[in-house]
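Engineer: from the sequence below, what's the structure:
(chains A, B, C and D)
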2 protein chains.
Amino acid sequence: MTGKREEILDAALALADERGLAGVSMRAVAQAVGVTPMALYPHVRDKAGLLDAMLGRLLSTVTQASPEMAGAADWRTRLRAFADTARGLSAGHPWATTLLFSRPAVTPDAVLLVDLLYRALLDAGVPPAQVPRVERLVSTYVLGWIASEAGGRFGPGTLDPRGRRGRLPEGGLPGHARVAAWLDPPVDWDAEFAADLDDLVRLVESVAARG
Amino acid sequence: MTGKREEILDAALALADERGLAGVSMRAVAQAVGVTPMALYPHVRDKAGLLDAMLGRLLSTVTQASPEMAGAADWRTRLRAFADTARGLSAGHPWATTLLFSRPAVTPDAVLLVDLLYRALLDAGVPPAQVPRVERLVSTYVLGWIASEAGGRFGPGTLDPRGRRGRLPEGGLPGHARVAAWLDPPVDWDAEFAADLDDLVRLVESVAARG
DNA sequence: CGTATAGATCTACAGTGTAGAGCCATGACC
DNA sequence: GGTCATGGCTCTACACTGTAGATCTATACG
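Structural biologist: As a prediction, this is how the structure comes out:
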């Protein structure tokens, strides 16, 4: 019965969503399935294998439920759909972002997502020789962004700008001084992500025009 | 004696470098210092505190040993110096990248690095209102890149392109098909990183020109 | 000298992943 | 029908993890 494997993954996913990655222990998953910890091993080989499988499941739900990304729309909207989908996924499953960095795109679903980006870039006019590089550039940025959001890098620092300045030699932060006015108000992260994507779209256009 | 704290951090850094982040346990650090595990707690409060302090130490060595980044050189070379420094740091200390995503730039050294980037962007002519956003864009990309390298996302997949195609419905990867010629040869990662930085420099120029 | 204090220690607890041996029901074969 | 193998499951055990709590000790100060 490979149905047992799906059952295990379901339980692990649920656990990760409500208690975080740290809450996914073999014992906890086993208890959720109603079985002893060691009973999981014939199905997942390893804890690392379990985590890989969890990520695979997540990606498969993405590729199945995002027809607009593959549709015939403008490459720009497809690229943005990819980015927004990734961001939405990580918002719902913050634990997944850590895992995304640790393995190459190797499952069929991950490869399919890469292919979607390849097609968008080709349609944009990027020379085929440059497509893999630009795909990595874009996806690296997007992954970095969602990892920052999920991991707390964008969270409010414990030192506010004024406090920061106080800890350093006077005039040690001329850059901060000149942009101070735009440092204090809270950031609209949705708008910033959209603005970044606009810039990346322009970057792609520039690569295409030069090619 | 805060010298004990430095001793602990030295041991922890050395341990992380040679055995990875997983090798940094309180017991292992304590043994390296020649003391019992609980003796560390007056100095670092927590394991999380220890990790934070380790990252801080690493960043401080960077800010102290990179005068070329702060020099009066062209903003482009300063930006590239920042990126190369970050990449070099993560190459020597792969464990640090994970940590970089989990805390906002909060230590004096981290803020100093951000300030370096602020100044480069200001010198490039980026409107002050946009500087914080573009700084986050650039550093997010750079962090994403080094995390990918350190974590293995760029490593060779266990499925080569041919194997990938075989697992999917015929014609399921038209994007891969069209760039297949540039998918098989091994990638020169140094060159790719440099090319990406060229594109980011152009992005910055474009933002500056528009502002 | 006596005493406060801060650092180091020891013990213990509740976890973790997983190796190894044994149990037991199912199905295949003579 | 009887025998046997196989594969999923259980139980036990081991070597770890971070750290709470109580105790001990050596130093500095009134």
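
Engineer: the residue nearest to A:L79 when sequence neighbours are not counted: what's it in contact with?
Structural biologist: On the basis of C-beta to C-beta, 6 or more residues apart in numbering or on different chains, the spatially nearest residue to A:L79 that is not a chain neighbour turns out to be A:A120, at 4.9 Å. In this view, the C-beta of every residue, glycine as well, is placed from N, C-alpha and C. By C-beta atoms under 8 Å, 6 or more residues apart in numbering or on different chains, the contact list for A:A120 reads A:W75, A:R78, A:L79, A:F82.

Engineer: host element of A:A120?
Structural biologist: Counting by DSSP states H and E, the secondary-structure element that holds A:A120 is helix A:108-124.

Engineer: same check on A:D184?
Structural biologist: Secondary structure from DSSP H and E places A:D184 outside every helix and strand.

Engineer: contacting residues around A:G3?
Structural biologist: By C-beta under 8 Å, 6+ apart, A:G3 has no neighbours at all.

Engineer: again with A:D109
Structural biologist: With the criterion set at C-beta under 8 Å, 6+ apart, A:D109 makes contact with A:G56, A:L59, A:S60, A:V62, A:T63.

Engineer: from the contacts of A:A120, which ones fall inside helices?
Structural biologist: A:W75, A:R78, A:L79, A:F82 (DSSP state H).

Engineer: would a markdown table of those residues with neighbour count, distance to A:F101 and pLDDT be doable?
Structural biologist: Rendered in a markdown table, the data for those read as follows (neighbours: other C-beta atoms under 10 Å in any protein chain shown; distance: C-beta to C-beta, whole Å; pLDDT from 0 to 100):
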| residue | neighbour count | distance to A:F101 | pLDDT |
| --- | --- | --- | --- |
| A:W75 | 19 | 26 | 95 |
| A:R78 | 23 | 24 | 92 |
| A:L79 | 23 | 21 | 94 |
| A:F82 | 21 | 17 | 92 |
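
Engineer: now, among those residues, which is nearest to A:D17?
Structural biologist: Of all the ones in helices among the contacts of A:A120, the one with the least separation from A:D17 (C-beta to C-beta) is A:F82, at 22.4 Å.

Engineer: how close does that closest one get to A:V138?
Structural biologist: Plainly put, A:F82 is 8 Å away from A:V138 if you go by C-beta to C-beta, to the nearest Å.

Engineer: now the common contact residues for these two.
Structural biologist: Contact criterion C-beta under 8 Å, 6+ apart; residues bridging A:F82 and A:V138 by contacting each: A:L117.

Engineer: so who does A:M26 touch?
Structural biologist: For A:M26, the contact set (C-beta under 8 Å, 6+ apart) comprises A:P37, A:L40, A:K47, A:L50.

Engineer: re the thing from before, report the angle between the helix or strand following the helix holding A:A120 and helix A:108-124.
Structural biologist: Tracing the chain past helix A:108-124, the next element assigned as helix or strand by DSSP H and E is helix A:131-151. Relative orientation of helix A:131-151 and helix A:108-124, computed by axes from the mean of the first three to the mean of the last three C-alpha atoms, to 10 degrees: 120 degrees.

Engineer: what distance separates helix A:131-151 from the centre of its chain?
Structural biologist: Centroid separation between helix A:131-151 and its chain, computed with C-alpha atoms, centre = their mean, to the nearest Å, is 7 Å.

Engineer: from memory A:L50 sits against A:V44, does it?
Structural biologist: Yes. Taking C-beta atoms under 8 Å as the contact criterion, A:L50 and A:V44 are neighbours in contact, 4.4 Å apart.

Engineer: common neighbours of these two, please.
Structural biologist: Taking C-beta under 8 Å, 6+ apart as the criterion, A:L50 and A:V44 both touch A:I8.

Engineer: ok, A:A86 touching A:L143?
Structural biologist: Yes. Shown here, A:A86 and A:L143 form a contact pair, counting by C-beta under 8 Å, at 7.5 Å.

Engineer: between these two, which one's more packed in?
Structural biologist: Using other C-beta atoms under 10 Å in any protein chain shown as the criterion, A:A86 and A:L143 rank with A:L143 on top: 24 against 20.

Engineer: and the gap between the more buried one and DNA strand C?
Structural biologist: To DNA strand C, A:L143 is 25 Å away according to C-beta to the nearest atom of the strand, to the nearest Å.

Engineer: so what's that residue scoring on pLDDT?
Structural biologist: The pLDDT attached to A:L143 in the predicted structure is 94.

Engineer: swap in the one 5 residues further on?
Structural biologist: A:S148 is assigned a predicted lDDT (pLDDT) of 91.

Engineer: leaving out sequence neighbours, find the closest residue to it.
Structural biologist: When the adjacent residues along the chain are set aside, A:S148 lies closest to A:F154, with 5.2 Å between them (C-beta to C-beta, 6+ apart).

Engineer: next, the contact list for that neighbour, please.
Structural biologist: A:S148, A:V187, A:W189, B:P104, B:R136.

Engineer: got the residues of chain A near DNA strand C?
Structural biologist: A:V24, A:S25, A:M26, A:R27, A:A28, A:P37, A:M38, A:Y41, A:D46, A:K47, A:A48 (C-beta under 7 Å from any atom of the strand).

Engineer: nearest to A:A195 among those?
Structural biologist: A:A195 has its nearest neighbour among the residues of chain A next to DNA strand C in A:V24, at 35.2 Å by C-beta to C-beta.

Engineer: surely the closest one and A:A16 touch.
Structural biologist: Yes. Taking contact to mean C-beta under 8 Å, the distance of 5.1 Å between A:V24 and A:A16 places them in contact.

Engineer: identify the contacts common to the two.
Structural biologist: With contacts defined as C-beta under 8 Å, 6+ apart, the residues adjacent to both A:V24 and A:A16 are A:M54, A:W95.

Engineer: buried sites along the helix or strand where A:T61 lies?
Structural biologist: With the criterion set as DSSP H and E, the secondary-structure element containing A:T61 is helix A:47-64. Residues of helix A:47-64 classed as buried: A:L50, A:L51, A:D52, A:A53, A:M54, A:L55, A:G56, A:R57, A:L58, A:L59, A:V62, A:T63 (neighbour count, 16 or more other C-beta atoms under 10 Å in any protein chain shown).
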